[in-house]
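Enquirer: Below: sequence and its predicted model.
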Amino acid sequence: MIQDIAPKKINNHYDPAKRPAADSYILSYSGGNVLSMLEEAAPDTDTRTEQPLQLVLPTLADLKATWQEIGEADEEKAAAFEDSLIYLFSIDEDMYFLAEPDLFSEVDYPKAEGMALDAAQAACEASAAVGIGGWAYLNPRFMRQYLKEPKDQVFAVLTGVQLARWYHNNRYCGRCGAKTHLDTKERMIRCPACGNMIFPKVQPAVIIAVTNGDKLLLTKYADRPHKAFALVAGFVEIGETLEECVQREVMEEVGMRVSNIRYYKSQPWGIDDDLLAGFFCDVDGDDTIHLDHQELKEGAWMTREDVPGEPDDYSLTNEMMMLFKAGKEPR
Ligand SMILES: [Zn+2]
C-alpha cells in the first residue's frame, strides 16, 4: 500500500525548530499539482509499469541553483524564501518542507494539465527550455498511476498535499475572519483575534469487502475518473461508529444487510484528507443487489478467480481484493 515504505519510516512529529538544509526536499503545490520533475529510471528499477520513470523532487539547493541560472538569485529574496518554509515531516534522514507557490511567483514554473503522461512530460520540457531546470507542477494522481519509485517520495507527495491544503485553507479564521498565524509549539493554527485553535482534520472513511461464500461484491462508481471495479466505500458521518458506517453504506449503496463485520487494516489517503479503514463482512440474508444509481453504475458478485487486480499496489481496496482472490481474507 501507499504507506508501505519499509525499511524507511515517516516521522511526523512536528518540530518548528527544524530548519531546511541544502538537501531538504521542498514540497510546493499549486491547484493540487506538485513541483517536481520526471527522470528516466535506471533500467534495473522495479517499476512494474510500462513507464520506467522516476519522480524527482527539488531540494532547496536545486531551486536556488535554477534561480541563479535565470538571474533571480537575489540573496535577500532567497533568505526570505528559506525563512518562510514550513517543516512537514521527515522520512528517515530526509526532511520535507512546504513552500507556498506564490513565494517564488517571479519564477513561472509550467503546469501540466490533467493526469496524462505526455502533459507531464511536456511541462517538464517547457521548464527545461526556459532554463528552470525541468521543474514543473505535475498532478500527484498521475504519479500514482505511472510511478513506483522512489516509493517514499511518492508517499511524501501524497501526504504533504493534505498538510498543504490545511495550511492554505486556514490562512484566515473561519470563526471571525481575522488573519491567523502558526503556533510555535505544535501543529496548530491560531487566531490572534478570537483565540480559535485550528488543528489538522482527518476524515475517516470505510472500505467494505462484502463476501458471500466464495463471491465478493464489487462495484463501479457512476461519475468518477476511477473506472475499475472497487469495493463499497463511504465517509463516516458525525455521531456514527465505523461498524455502523459499514452497515449503513452497504444498505445505501447495494441494499443489503451485513454481519460478522471484522476490521482488516487502515490507510492514510492524504489526497482526499482521508483515513481509510478496511472491513470484511458477510452478507446477511437476501443477497440481491439493489443499486443506488446516483452513486454506482454497476454492482456484481464475483468469484475469487474473476476478481480483477489493479496495475498498482498502492490502495487498501486493491490489497483487500487480492487477499480475497487468494482465499486469504480474515474469516
Ligand atoms: Zn478568529
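Expert: Yep, that arrived. Numbering: from 1, shown residues only.
Enquirer: can you tell me which residues contact the residue of the stretch 201-331 of the chain found nearest the ion?
Expert: Closest to the ion within the stretch 201-331 of the chain is residue 201: 16.9 Å, counting by Cβ to the ion. No exception for glycine: its C-beta is placed from N, CA and C like everyone else's. Residue 201 sits next to 166, 273 when contact means Cβ atoms under 8 Å, 6 or more residues apart in numbering.
Enquirer: residue ranges for the helices of the stretch 1-150 of the chain, please.
Expert: Counting by DSSP state H, counting those that start in this stretch, the segments of the stretch 1-150 of the chain that form helices are 60-69, 75-84, 117-129, 140-146.
Enquirer: Report the contact partners of residue 101.
Expert: If you count contacts by Cβ under 8 Å, 6+ apart, residue 101 has them with 28, 29, 30, 35, 109, 137.
Enquirer: Quick check: the first one touching residue 97?
Expert: I take that to be residue 28. No: the criterion here is Cβ atoms under 8 Å, and residue 28 misses it with residue 97 at 9.3 Å.
Enquirer: Tell me the one of the contacts of residue 101 nearest the ion?
Expert: residue 29 (25.2 Å).
Enquirer: can I assume the closest one is in contact with residue 164?
Expert: Yes: the pair residue 29 / residue 164 is scored as a contact, 4.5 Å apart, by Cβ under 8 Å.
Enquirer: Number of residues surrounding residue 158?
Expert: Residue 158 has 21 neighbours, counted by other Cβ atoms under 10 Å.
Enquirer: Let me fix that, I meant to ask about residue 293.
Expert: Other residues within reach of residue 293, judged by other Cβ under 10 Å, total 9.
Enquirer: Report the contact partners of the residue nearest to it when sequence neighbours are not counted.
Expert: Nearest non-adjacent residue to residue 293, counting by Cβ to Cβ, 6 or more residues apart in numbering: residue 222, 7.0 Å away. For residue 222, the contact set (Cβ under 8 Å, 6+ apart) comprises 293, 294, 295, 296, 297.
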